[in-house]
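Trainee: Have a look at this fold, sequence not included:
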């Protein structure tokens, strides 16, 4: 089992920045790919960004490309999401997820094995 704990959410004005963190514990190893999803009220959970364990490739949703940056520490147990130039439409609960194995840009949420509890991000206009 892998446990994921997110932190770093909050309230920010449009144009501001936030940095989310996700710490993995338990049966972690270097073969875990990690991702961020988000869910706004009344909407389905959507992919935001991911990093592949095998080659370090990163993926982004078109809506956040150029504004968000995903990274992970050398041990591979913590993943970060730097969010810049935030917009009101970025308001959502952000979830960290992990999958044993490789992922690609279109790997669906259902393919991820572990999920965090979520952290709220609110961007005011």
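Mentor: Great, that's in hand. The model shown is predicted, which means the values in this text are computed figures rather than measured ones.
Trainee: Could you tell me how many residues sit around residue 6?
Mentor: Applying other C-beta atoms under 10 Å, we find 22 residues neighbouring residue 6. No exception for glycine: its C-beta is placed from N, CA and C like everyone else's.
Trainee: Show me what the helix or strand containing it packs onto, helices and strands only.
Mentor: Secondary structure assignment for residue 6, by DSSP states H and E: strand 2-7. If contacts are counted by 3 or more C-beta pairs under 8 Å, 6 or more residues apart in numbering; DSSP states H and E, strand 2-7 sits against strand 18-26, strand 92-100, strand 114-115.
Trainee: Next SSE downstream of that strand?
Mentor: strand 10-13.
Trainee: Give the buried residues for that following strand.
Mentor: For strand 10-13, a neighbour-count test (16 or more other C-beta atoms under 10 Å) marks residue 12 as buried.
Trainee: and that strand, what does it pack onto?
Mentor: For strand 10-13, the elements it packs on are strand 119-124, judged by 3+ C-beta pairs under 8 Å, 6+ apart.
Trainee: Pick out the residue closest to the middle of this protein.
Mentor: With distances taken as C-alpha atoms, centre = their mean, the residue of the chain nearest its centroid is residue 36 (2.0 Å).
Trainee: so what's that one bridging to?
Mentor: Beta bridges link residue 36 to residue 49, residue 96, judged by DSSP bridges.
Trainee: From residue 25, how far out is it?
Mentor: Distance of residue 36 to residue 25, computed by C-beta to C-beta, to the nearest Å: 18 Å.
Trainee: quick one: average pLDDT of stretch 103-123?
Mentor: The average pLDDT for stretch 103-123 rounds to 94.
Trainee: Stretch 16-34 now?
Mentor: Averaging pLDDT along stretch 16-34 gives 89.
Trainee: Report the buried residues of that stretch.
Mentor: Buried residues in stretch 16-34, counted by 16+ other C-beta under 10 Å: 18, 20, 21, 22, 23, 24, 28, 32, 33, 34.
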